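Sharing a sequence plus its predicted fold:
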Amino acid sequence: MNNTDTSITHVTSSDSNIFEELGFSEQEATKLKIKAQLMCSISEWIKDKELKQEDASHVLQITRPRVSDVMRGKSSKFTIDALIDMLERTGKHVTLQVS
C-alpha cells in the first residue's frame, strides 16, 4: 500500500506569480514569469505551425539545440531580449505593459 499524500494543499491563483510562491525574490520572480510567457509563446508557435526543431531553428535564427532548450523551458539559458527577438522573427509582436 502506498502512503503518499496526494491531497492538494495549496492552489496558486491565476493573478499570482508562481515563482514568488516558490520562494524567489520579487524581482527574480518577475523575470522568470516574463521568460516563461515568452517561451510558451514560442513553443506554441512551433507546435501550431507543426515545425520540426530544425525548421524552427532556421526561422528563429538559432541552433536546433537552442530550440530544444526553448521547448523544454530552460529559461536560464536565455535573456528576455533574446526571447523577444525570436518572437519577432515569427511575425509576432511583443508589447510590454508596466503597472
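Now that the structure is in, tell me what you want to look at. From a predicted model like this one, the values you see are computed outputs, not experimental measurements.

use CA for all of it now, contacts and neighbours both
Noted.

Count the neighbours of Met71 for me.
Per other Cα atoms under 10 Å, the neighbour tally for Met71 reads 18.

OK, contacts around it?
Met39, Cys40, Ser43 (Cα atoms under 8 Å, 6 or more residues apart in numbering).

Of all the residues in the helix or strand hosting the second one, which ones are buried?
Same thing as Cys40. Here Cys40 sits within helix 26-48, counting by DSSP states H and E. Using 16 or more other Cα atoms under 10 Å as the test for burial, helix 26-48 gives 29-30, 32-36, 38-43, 45-46.

so the closest residue in space to Ile46 that isn't next to it in sequence is in which element?
Leaving aside its chain neighbours, Ile46 sits nearest to Ala56 (6.7 Å; criterion: Cα to Cα, 6 or more residues apart in numbering). Ala56 is part of helix 53-60, with elements assigned from DSSP H and E.

Show me what that helix is in contact with.
Under Cα under 8 Å, 6+ apart, the answer for helix 53-60 is Ile46, Thr63, Arg64, Arg66, Val67, Ser68, Met86, Leu87, Arg89, Thr90.

swap the cut-off to 7 Å and go again
Contacts of helix 53-60 with the rest of the structure, by Cα atoms under 7 Å, 6 or more residues apart in numbering, involve Ile46, Thr63, Arg64, Val67, Met86, Arg89, Thr90.

so that helix versus helix 26-48, what angle?
Computed by axes from the mean of the first three to the mean of the last three Cα atoms, to 10 degrees, the angle separating helix 53-60 from helix 26-48 equals 120 degrees.

which parts of helix 53-60 are buried?
By neighbour count with 16+ other Cα under 10 Å, helix 53-60 contains the buried residues Gln53, Ala56, Ser57, Leu60.

Going by distance to Asn17, which of these wins?
Nearest to Asn17 out of the buried residues of helix 53-60 is Leu60 (Cα to Cα; 28.0 Å).

Show the model's pLDDT score for that closest one.
We have a pLDDT of 97 for Leu60.

Could you do Met1 as well?
Note for Met1: predicted pLDDT of 60.
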